[in-house]
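[1] here is a sequence together with a model predicted from it:
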Amino acid sequence: MQRTITVFGSAFPQAGSEQYEFAYQLGKKLAENNYSVCTGGYGGIMEAISKGAYDVGGNIFGVTLENWKSEPNSFITIEIRTKNLFDRISKLIELGDAYIVLQGGTGTLLELAAIWELMNKNLIKLKPIICHSELWNGIVNLMNKQLELENRKTDLIDLAGSVDEIILKLNNKLL
């Protein structure tokens, strides 16, 4: 059975930018390693992940919103439409066998916090979470200090610096 990797990240990076190209290469590598990809279905990092997977024949889920003004990206092979933002986040979490969090803003922070808290409270099964970027390195390290003070789990998130490191960590945890 093919595993699905949900990837979170900013909707703003454009083709040619460092973040977009990183996400494109990651999408490609995920599909080449026989993973389906799942994103929020729109532009930026979501589009780059989808395009990378699409270009090598991958399976791409896009979880979109019924009343959103933007059009989904054209690389989605399966679109799942949701009524509101919280249903969308729930569906993205539900579909993932693992999660990758790339550079992003408050929406990406919300998605990471939701997964992290659901796992910390044992409300969903433990699954791999891998974050990439200096932003997440800082946030994860700061939060782990607080979680340690609270005697809570501090090993739920892996940090990775490259596409190859992300794939290696996924394969080690899922295969």
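    Done, it's in. Numbers count the residues shown, from 1 in each chain.

[2] need the pLDDT of residue 69.
    Residue 69 carries a pLDDT score of 87 in this model.

[3] for it, helix, strand, or coil?
    At residue 69 the chain is in coil, as set by DSSP: H, G, I helix; E, B strand; the rest coil.

[4] what's the answer for the one 4 residues further on, then?
    Counting by three-state DSSP, the backbone at residue 73 sits in coil.

[5] so it sits right up against residue 48, yeah?
    No: counting by CB atoms under 8 Å, residue 73 does not reach residue 48; the two are 9.0 Å apart. (Glycine included, C-beta is placed from N, CA and C.)

[6] neighbour count for the two, which is higher?
    residue 48 (30 against 22; other CB atoms under 10 Å).

[7] so who does that one touch?
    Applying CB atoms under 8 Å, 6 or more residues apart in numbering to residue 48 gives the contacts 13, 15, 19-24, 27.

[8] do the same with residue 123
    Residues in contact with residue 123 (CB under 8 Å, 6+ apart) are residue 117.

[9] in what helix or strand does it lie?
    Assigned by DSSP states H and E, residue 123 falls within no helix or strand.

[10] separation between it and residue 117?
    8 Å (CB to CB, to the nearest Å).

[11] again, but for residue 78
    The gap separating residue 78 from residue 117 is 28 Å, by CB to CB.

[12] what does residue 10 give?
    Counting by CB to CB, the gap from residue 10 to residue 117 is 21 Å.

[13] wait, residue 60 sits on residue 75?
    Yes: judged on CB under 8 Å, residue 60 makes contact with residue 75 at a distance of 5.9 Å.

[14] which of these two has more neighbours?
    Just comparing residue 60 and residue 75: by other CB under 10 Å the higher neighbour count belongs to residue 60, 26 against 22.

[15] what confidence value was assigned to residue 10?
    97.

[16] can you pull the contacts of residue 163?
    The contact partners of residue 163, by CB under 8 Å, 6+ apart, come to 22, 25-26, 29.

[17] ranking these by neighbours, who comes first?
    Of all these, the highest neighbour tally under other CB under 10 Å goes to residue 26, namely 27 neighbours.
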